[in-house]
Structures are given as C-alpha cells and as structure tokens.
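Chemist: Provided below are the primary sequence and the corresponding predicted coordinates.
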Amino acid sequence: MITLSSDRAILVIDPADGGRIASMVIDGYELLRDEKFNAEQSIFGYGSFPMAPYAGRIRHGKFEFDGNNYQLENLADPPNALHGTAVYQSWNIDKQSYTACQISTDIAEGWPFRGNLSQSFKLENDTIIMTISLTAIDRMPSWVGFHPWFRKEINSEEIQLTADFSQMYVRDNEKVATKTIAPPKPLPWDDCFIGTEPKIKLRWGNLLELELFSNFPYWVIYSAPTDALCIEPQSAPPNAIELEKHQILDPGESVTLEFKICF
C-alpha cells in the first residue's frame, strides 16, 4: 500500500489490487466505498480503479480496427466487454514521496495490442490530482478513465450531485452507448454525459463539497446502487470504437487523462 497525506487529505493506493485508490479521506471522512461493502462482490465494485486500454463497454467484445476483426475473451458484462484489463493487474511503484507517487504496468493479455500504462497521484493544496496514461507499442485504438465509487451517505448526510450536462449518449437494450445524442433523461443513470465545460459538484450537507474536473468532456454517471454514486471521467465515451470517438495511437504516442478533485 502507498499512503499519501496532506493537511486535509489522505490517499491510499494499492498497486497489487489493480492500481486502485483503496481509500480517500478528506477532513476525516472516508469518501469511497470499500471492499467489504461491495454489494456486487466484483473487482469493479469498490475504491477508485483505472480503466484502460478501454473504458466502459465494448459491444459483444468485438471490434474492427485497421481492416482486422478482433474478439475479446473477457466479457465481464455479458455479452459485452467491460472496463479494460488494467484493474486485473498488479502495478509497479516507480516513484513515491509523502504527497505524490507514480505507478506503472504493461497492458495485460486480453488486449490484442502492446502498450504501457502509468498512473500518477498527487496531493496539492486542497486538490487531488491523478492521471492515467497509455503509451502505445503497437498501433491501437484506446480510451482510458477512472471509476470512483463515492459513498452516498456520510455521517447521515446524503450526497447531492450538481452537474450542468446538456447532452447524453443514448444506450440501447444491450446497455451499450449508441451514436444517438439526446437531452439527459431522468434518474437512474448508467450513461455518458457531455456538455460545454460541465461543472460537477458533490456535496454531503455541511460536511464537505467537492468539485470535479477532467481534461476530456466525457463523464459516465452510474447512480443505481443504493449506497454509492460513480462519477467517471473518460477520454472517450463507452463503446467509443463503434462510436468512432476513440483515440488512435501510433507506436510511441500516448493518451493522458487528468482528473482533479478540489475540496
């Protein structure tokens, strides 16, 4: 485990458990659902984990790229592939200090292209700054993201979400995002939202308020669980390769997503 600390925040990263954030404490309050409260009993169900070399679903785990057809074997959300391979891997510690660290790994088997992954975490003033980067060895399609599980209730204060998204990608009956874009629908959500510089805030009564930022405009919000709310920044929407919104990386090229949590 890696523990980073500042005056107001403590971040615990577990390189052996998918390179995820296992704990995020701000002003003494734990913000993330932990493994023992993982109702889904899933590797995807707790902390904040990295999504790479793709984020969200790929329809039936199938895609075409550069004239070749590919079939992914791990259909974690049958019949669809889900959230990439990075969370299944152990990560290496490259750099570590009291307030910052960097971890890395290679893309695992289960993705037909080679590449390198890295994550960085930093506590700076009243901000948590995290990045995930994918650097291609082979030419490949890619998109990356983070998947935090924020607790819906802290000290009897219920979470309040403020977001000014103007559009969302409509999902079909296979739970997969399509090219159709529409105004946001009512809750519950498991959808990708976009808008012009969206302002995303989470508030637990008078205890704490967070503002979330990303260098990409795509945010997936998963609201269905009774105890947790997922706010997921991604470099492209789910099913991005079918939607033609993914990043195409030539050897040596990278995609980097930055996620800031201000408090």
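Modeler: Yes, it's here. Owing to the predicted nature of the structure, the values given are computational and were not obtained by experimental measurement.
Chemist: now the residue most central in space within the chain: how far from S42?
Modeler: Nearest to the mean C-alpha position of the chain, by C-alpha atoms, centre = their mean, lies F146 at 1.7 Å. Using C-beta to C-beta, to the nearest Å, we find F146 at a distance of 17 Å from S42. Using the backbone N, CA and C atoms, a C-beta is placed for each residue, glycine as well.
Chemist: go on, L208?
Modeler: L208 is 27 Å from S42, by C-beta to C-beta.
Chemist: These two - which one has more neighbours?
Modeler: L208 (19 against 11; other C-beta atoms under 10 Å).
Chemist: Tell me who's in contact with the more buried one.
Modeler: I26, D27, Y29, L31, I154, F263 (C-beta atoms under 8 Å, 6 or more residues apart in numbering).
Chemist: The fifth one: neighbouring residues, count only.
Modeler: Using other C-beta under 10 Å, I154 has 16 other residues around it.
Chemist: which residues pair with F121 across the strands?
Modeler: C101, M130 (DSSP bridges).
Chemist: shaky segments in the stretch 151-263 of the chain?
Modeler: 196-198 (pLDDT under 70).
Chemist: those strands in it, which residues are they?
Modeler: Remark: strands assigned in the stretch 151-263 of the chain by DSSP state E, counting those that start in this stretch are 153-154, 157-163, 167-171, 177-182, 190-194, 200-204, 208-214, 218-222, 228-234, 247-249, 254-262.
Chemist: Which one of those strands lies nearest to G110?
Modeler: The closest of those to G110 is strand 247-249. By C-beta to C-beta, the value is 17.8 Å.
Chemist: list the buried ones in the closest one?
Modeler: Within strand 247-249, the residues that count as buried by 16 or more other C-beta atoms under 10 Å are Q247, L249.
Chemist: So which elements touch that strand?
Modeler: strand 127-136, strand 140-142 (3 or more C-beta pairs under 8 Å, 6 or more residues apart in numbering; DSSP states H and E).
Chemist: still on that earlier bit, the residue nearest to the centre of the chain belongs to a strand, doesn't it?
Modeler: Yes: counting by DSSP: H, G, I helix; E, B strand; the rest coil, F146 falls inside a strand.
Chemist: Please give me every residue in contact with the nearest residue to W204 once chain neighbours are set aside.
Modeler: Nearest in space to W204, with sequence neighbours left out and distances taken as C-beta to C-beta, 6 or more residues apart in numbering, is E157 at 4.2 Å. In this structure, E157 makes contact with W204, G205, N206, L207, judged by C-beta under 8 Å, 6+ apart.
Chemist: does E157 have beta-bridge partners, and which?
Modeler: I154.
Chemist: any idea how far it is from Y29?
Modeler: In terms of C-beta to C-beta, E157 sits 9 Å off from Y29.
Chemist: coming back round to it: show me the two of the contacts of L208 that sit farthest apart.
Modeler: The farthest-apart pair in the contacts of L208, when distances are taken by C-beta to C-beta, is I154 and F263, at 12.9 Å.
Chemist: can you pull the contacts of F121?
Modeler: I2, L4, L11, I13, I21, A100, C101, Q102, I128, I129, M130.
Chemist: now do I181
Modeler: Neighbours of I181 in contact, by C-beta under 8 Å, 6+ apart: Q167, M168, Y169, V170, I194.
Chemist: redo that, cut-off 6 Å
Modeler: Q167 (C-beta atoms under 6 Å, 6 or more residues apart in numbering).
Chemist: Likewise for S118?
Modeler: S104, S133.
Chemist: Return the distance of whatever helix or strand it lives in from the chain's centre.
Modeler: Here S118 sits within strand 115-124, counting by DSSP states H and E. Centroid separation between strand 115-124 and its chain, computed with C-alpha atoms, centre = their mean, to the nearest Å, is 13 Å.
Chemist: Let me know the outermost residue of the chain.
Modeler: G67 (29.0 Å).
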